[in-house]
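Q: sequence? don't have it. structure:
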């Protein structure tokens, strides 16, 4: 049995249909590939067909999902019938670096974790704060508040049986100068880490060194490549959020199309016997289906010779 | 005949798999050039207060315009370089809320901010939706009269702020002012507020577009050229996601010329009413933005 269970982060934008019963007629309306990306029925089958066991839900899709399904239980069952489990959900902590916001951040985190439970998921991967552009850098007080907020959030999610994983991003207010300090100051029993291989590398960490140092905290992954490791401060701390570049420059690539040492990472996964969900994320691609098929080939089949 | 092309052709929520591209500035700069290449010299912009803020380059709010284009003048210069000389108008929809006061409060705020933005951009009109999807309004349809009274009050206040911008109300087929309800409602509203004629919305609500134009008479402030072949036989308009009919998936809003609307008859009826304002093409559910621009140009050449 495999140690790594692959999930795929949902970046399909809004999916407007549950199923398309009149698929042929719908296709003939314009004879494009549009119909192929309009229903959860087909999208979930693409996941299963590619060998993904899971889907990680994007919270901004919930409103649309709940227009199509009676509730999240029905969504879970619908996915399950097509061979796909919900591995977890992404979540934004919000401005927890400000003391008075912590109760609200914790309440929202609890509500998100409850949704994960209903969907049968295990992970809540949490961006640990607002964008740097909105309020960086973190002050000493902000660092303390962030740690306290994460610890409280970790306690409530652990009680629900959901693993909270810090998911840092290269443009987040929690950034290179305090990233390790915050990880090390949170409770290792309840605050875990979701290693987004590209985000952390762009921020300036060496991927394999980071995994070696924090393997006992890392409970899951967002696996993606980048060609821009160690992005300079002036770009990470740009006055407006730099994730979407004006000229279409992509920070995130499919594995092997960037420069990250995934072979090294998989040797470490083998060394530390990682077991659990790993989400492949292909944000930035103009063709999600091609990218999700290509990426799982790379990780499961190519690097699977090292560890699977 | 003054024609414009609406940038609602880029669907920010539902479109083929590709999100980052449409959030990048280069995408919009190319769309401006493609629109010009399609023979349009004017555009309409959707107005969206919240969408992603300054994170991406949708030119749909003050924030994005200021951060990404150096303000309205910077954006207008960019348009002019590509042969787009006018932002004809804006269109916006208030966020749904199942409480009349909160909904009308949001509607009032959206209208005010949109008018301010329209003046800044030198627009001739601003279209505001009368209501979001009925299903998203919770219990409001049962309190329709109360809601309409409050909406009329908000529109009367907005009329004071409109200045030279024609504030126009749109009645979507899924809203409380669908079809013939809209001209009837407008009798209670300040005459400085106009009607937006949206051909597909009128047709799907069961109104013949020509008859609808005649019913609106001199209150028409802007016209949106949409097309459709959808017949709402299952009353999808009452349910969630009415623009995506569940029982029989279809592209409700077809590219101009690809549906059943008799554009020649519509243009004739508008002429009879003495309408000389903007005719704005909206391919709001297109499956191919570039192809949609060219389809619209071909149809206008043929029918207008």
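A: Looks like it came in fine. This is a predicted model, so every value here is computed, not measured. Numbers count the residues shown, from 1 in each chain, chains lettered A, B, ... in the order given.

Q: what residues sit buried inside the least confident helix or strand in chain B by mean pLDDT?
A: Taking mean pLDDT, DSSP states H and E as the measure, chain B has helix B:62-69 as its least confident helix or strand, at a mean of 84. Using 16 or more other Cβ atoms under 10 Å in any protein chain shown as the test for burial, helix B:62-69 gives B:62-65, B:67-69. Every residue, glycine included, has its C-beta placed from N, CA and C.

Q: residue B:144 is in what secondary structure piece?
A: Under DSSP states H and E, the secondary-structure element containing residue B:144 is helix B:144-162.

Q: not counting its own residues, what contacts that helix?
A: Among residues not part of helix B:144-162, those counted as contacts by Cβ atoms under 8 Å, 6 or more residues apart in numbering or on different chains are B:100-101, B:103-104, B:107-108, B:111-112, B:115-116, B:126, B:128, B:130-131, B:140, B:167, B:169, B:176-177, B:185, B:188-190, B:192-193.

Q: give me that answer again for 6 Å
A: The contact list for helix B:144-162 (Cβ atoms under 6 Å, 6 or more residues apart in numbering or on different chains) reads B:100, B:104, B:107-108, B:111, B:115, B:140, B:167, B:176, B:188-190, B:192-193.

Q: check which helices and strands the helix or strand following the least confident helix or strand of chain B sits against.
A: Reading on from helix B:62-69 to the C-terminus, the next helix or strand found by DSSP H and E is helix B:72-81. Packing contacts for helix B:72-81, counted by 3 or more Cβ pairs under 6 Å, 6 or more residues apart in numbering or on different chains; DSSP states H and E, involve helix B:62-69.

Q: got the angle for the helix it packs on vs helix B:72-81?
A: Relative orientation of helix B:62-69 versus helix B:72-81 (axes from the mean of the first three to the mean of the last three Cα atoms, to 10 degrees): 60 degrees.

Q: which residues of the stretch 101-250 of chain A lie near chain B?
A: Of all the residues in the stretch 101-250 of chain A, those in contact range of chain B (Cβ under 6 Å from any Cβ of the partner chain) are A:240-241, A:244, A:246-248.

Q: show me which of these are buried.
A: Buried by 16+ other Cβ under 10 Å: A:240-241, A:244, A:246, A:248, out of these.

Q: in a markdown table: these, plus pLDDT.
A: What follows is those, written out as a markdown table (pLDDT from 0 to 100):
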| residue | pLDDT |
| --- | --- |
| A:240 | 83 |
| A:241 | 85 |
| A:244 | 88 |
| A:246 | 89 |
| A:248 | 90 |
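
Q: OK, contacts around residue A:286?
A: B:18, B:21.

Q: er, residue A:136 actually
A: Going by Cβ under 6 Å, 6+ apart, the list of residues near residue A:136 reads residue A:173.

Q: gap between it and residue A:18?
A: The span separating residue A:136 from residue A:18 equals 41 Å under the rule Cβ to Cβ, to the nearest Å.

Q: what does residue A:103 give?
A: Taken as Cβ to Cβ, the spacing of residue A:103 relative to residue A:18 amounts to 36 Å.

Q: what do you get for residue A:102?
A: With distances taken as Cβ to Cβ, residue A:102 is found 38 Å from residue A:18.

Q: residue A:43 too?
A: Residue A:43 sits 11 Å away from residue A:18, taking Cβ to Cβ as the criterion.

Q: neighbour-wise, which of the two wins?
A: Applying other Cβ atoms under 10 Å in any protein chain shown to residue A:43 and residue A:18 shows that residue A:43 carries more neighbours, namely 23 against 20.

Q: circling back: now, which of the buried residues of helix B:62-69 lie close to chain A?
A: Filtering the buried residues of helix B:62-69 for proximity to chain A (criterion: Cβ under 6 Å from any Cβ) leaves residue B:67.

Q: ok, so of the buried residues of helix B:62-69, who is nearest residue A:13?
A: Closest approach to residue A:13 among the buried residues of helix B:62-69 (Cβ to Cβ): residue B:64, at 18.6 Å.

Q: nearest residue to the closest one other than its sequence neighbours?
A: Of all residues not flanking residue B:64 in the chain, residue B:58 sits nearest, at 5.5 Å (Cβ to Cβ, 6 or more residues apart in numbering or on different chains).

Q: do residue B:107 as well
A: Closest residue to residue B:107 apart from its sequence neighbours, by Cβ to Cβ, 6+ apart: residue B:94 at 4.1 Å.

Q: ok, now residue A:289?
A: The spatial neighbour of residue A:289 that comes closest, neighbours along the chain excluded (Cβ to Cβ, 6+ apart), is residue A:46 at 5.9 Å.

Q: ok, residue A:143 next?
A: For residue A:143, ignoring the flanking residues on the chain, the nearest one in space by Cβ to Cβ, 6+ apart is residue A:178 at 5.4 Å.

Q: residue contacts, residue B:5?
A: Counting by Cβ under 6 Å, 6+ apart, the residues that residue B:5 touches are B:35, B:40, B:43, B:281.

Q: ok, the first one - how many residues close by?
A: Each residue near residue B:35 was counted by other Cβ under 10 Å, and the total is 28.

Q: contacting residues for it?
A: Residue B:35 is in contact with residue B:5, counting by Cβ under 6 Å, 6+ apart.

Q: in a helix, that's where residue B:34 is, yeah?
A: Yes: secondary structure of residue B:34 (DSSP: H, G, I helix; E, B strand; the rest coil): part of a helix.

Q: how about residue A:124, secondary structure?
A: For residue A:124, the secondary-structure state derived from three-state DSSP is strand.

Q: how close does it sit to residue B:250?
A: The spacing between residue A:124 and residue B:250, counted by Cβ to Cβ, is 37 Å.

Q: more neighbours: which of the two?
A: residue A:124 (29 against 19).

Q: tell me the contacts of the more buried one?
A: Contacts for residue A:124 (Cβ under 6 Å, 6+ apart) come out as A:89, A:91, A:112-113, A:116, A:157, A:162, A:164.

Q: ok, residue 132 - contacts?
A: By default, I'm working from chain A. Listed by Cβ under 6 Å, 6+ apart, the contact set of residue A:132 reads A:171, A:173, A:237.

Q: wrong one, I was asking about chain B
A: Applying Cβ under 6 Å, 6+ apart, we find residue B:132 in contact with B:93, B:96.

Q: now residue A:40
A: Applying Cβ under 6 Å, 6+ apart, one finds that residue A:40 lies in contact with A:15, A:18.

Q: can you pull the phi/psi pair for it?
A: In terms of degrees, to the nearest 10, the main-chain angles of residue A:40 are phi -60, psi -30.

Q: one step back: please convert the contacts of residue A:132 to TSV, extending it with pLDDT and secondary structure.
A: Formatted as TSV, the entries for the contacts of residue A:132 read as follows, by pLDDT from 0 to 100; DSSP: H, G, I helix; E, B strand; the rest coil:
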residue	pLDDT	secondary structure
A:171	96	coil
A:173	96	coil
A:237	95	coil
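
Q: tabulate these (a markdown table), appending neighbour count.
A: What follows is these, written out as a markdown table (neighbours: other Cβ atoms under 10 Å in any protein chain shown):
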| residue | neighbour count |
| --- | --- |
| A:171 | 26 |
| A:173 | 27 |
| A:237 | 19 |
